[in-house]
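Chemist: everything below, folded, please.
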Amino acid sequence: MPEHLLEDTIQFKKVLAGVLLTYKTQIYNILTELDHTQEAIRLSAIEKGYAFISDQLKITISTNIKDKPLTEQTDYIFTLLNKPIRVCGMVKNEGEPGGGPFWVKQQNGDVTLQIVESAQVDPNDAQKQTILSQSTHFNPVDLVCYLVDYKGDKFDLLQYVDEETGFISEKSMNGRELKALELPGLWNGAMANWLTFFVEVPVSTFNPVKTVMDLLRPQHQPK
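Modeler: Sure thing, here's the model as predicted:
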């Protein structure tokens, strides 16, 4: 990162961390209250949980769950909220190779926020390719993460991987074209079942160097 661009980067790293801590506090307060012995506090936590899941995570509440016994409602909210958290900075899409933020329909029917790489999108599906080409934001792999639960115990991150998100990509070795079967990527499949929040950050915080020629870009020149 060029030194003269560090100010924006530092500022928005702090912004992402602040967003993470705000959401973490709200979520962990709900989970702590769900553990409370007083039924009135648990009932209040259940309502807060539904509101957070619907308003912040944009997840559709399961049909008829509110008619179930309190124990089932509590388990339902725990299952959705007791997960590792990531806040992802996203920049304006300017055509860089890679992925971006999308709504993804899971095998169980749930729709969640995910980072999707272009290699994951079926090249023969015209509709999906159109959606990909019209995406407004790009994933610069700018992540702030929280890895312990509301009791202070570390999450087993292997429990939150979507093993179905491996994909075939095209590589080259010694001038020979190859196809590689890749395991779920770190910031897509390996984090597919985390709690995910996207935050727009300025493109000035993203200055990639993937080839030597990238060093000729204006942002990598002295101020």
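Chemist: show me where this protein has strands.
Modeler: 85-92, 100-105, 111-116, 137-146, 167-173, 176-182, 195-200 (DSSP state E).
Chemist: wait, which of those is closest to residue 52?
Modeler: strand 195-200 (10.0 Å; Cβ to Cβ). Quick note: C-beta positions are derived from backbone N, CA and C, even for glycine.
Chemist: for the closest one, buried residues please.
Modeler: Neighbour-count burial for strand 195-200, counted by 16 or more other Cβ atoms under 10 Å, picks out 195-199.
Chemist: low-confidence regions, this protein specifically.
Modeler: 1-2, 97, 207-223 (pLDDT under 70).
Chemist: what residue is smack in the middle of it?
Modeler: residue 196 (3.8 Å; Cα atoms, centre = their mean).
Chemist: residue boundaries of the helices in the protein?
Modeler: 6-34, 39-55, 70-81, 126-133 (DSSP state H).
Chemist: the first one: how far from the chain's middle?
Modeler: Between the centre of helix 6-34 and the centre of its host chain there is 14 Å, according to Cα atoms, centre = their mean, to the nearest Å.
Chemist: packing partners for it?
Modeler: Packing partners of helix 6-34 (3 or more Cβ pairs under 8 Å, 6 or more residues apart in numbering; DSSP states H and E): helix 39-55, helix 70-81, strand 85-92, strand 137-146, strand 195-200.
Chemist: and those, which is most packed in?
Modeler: strand 85-92 (a mean of 21; mean count of other Cβ atoms under 10 Å).
Chemist: just checking, what packs against that strand?
Modeler: helix 6-34, strand 100-105, strand 137-146, strand 195-200.
Chemist: dump the ones you listed to a markdown table, plus distance to residue 174.
Modeler: Output for these, formatted as a markdown table (distance: least, Cβ to Cβ, whole Å):
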| stretch | distance to residue 174 |
| --- | --- |
| helix 6-34 | 37 |
| strand 100-105 | 32 |
| strand 137-146 | 28 |
| strand 195-200 | 38 |
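Chemist: residue 78 is nearest to which of the ones you listed?
Modeler: Per Cβ to Cβ, nearest to residue 78 of the helices and strands packed on strand 85-92: helix 6-34, 6.5 Å.
Chemist: tell me what angle the closest one forms with strand 137-146.
Modeler: Going by axes from the mean of the first three to the mean of the last three Cα atoms, to 10 degrees, helix 6-34 is angled at 60 degrees with respect to strand 137-146.
Chemist: in helix 6-34, what counts as buried?
Modeler: For helix 6-34, the neighbour count (16+ other Cβ under 10 Å) marks 8-9, 12, 15-16, 19-20, 23-24, 27-28, 30-31, 33-34 as buried.
Chemist: so how far is residue 81 from the nearest residue to residue 80 once chain neighbours are set aside?
Modeler: Leaving aside its chain neighbours, residue 80 sits nearest to residue 53 (5.6 Å; criterion: Cβ to Cβ, 6 or more residues apart in numbering). Distance, residue 53 to residue 81, using Cβ to Cβ, to the nearest Å: 7 Å.
Chemist: swap in residue 23?
Modeler: For residue 23 relative to residue 81 (Cβ to Cβ), the value is 10 Å.
Chemist: can I get the strands of the chain in JSON lines with distance to residue 70?
Modeler: Output for those, formatted as JSON lines (distance: least, Cβ to Cβ, whole Å):
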{"stretch": "strand 85-92", "distance to residue 70": "25"}
{"stretch": "strand 100-105", "distance to residue 70": "30"}
{"stretch": "strand 111-116", "distance to residue 70": "26"}
{"stretch": "strand 137-146", "distance to residue 70": "28"}
{"stretch": "strand 167-173", "distance to residue 70": "41"}
{"stretch": "strand 176-182", "distance to residue 70": "43"}
{"stretch": "strand 195-200", "distance to residue 70": "23"}
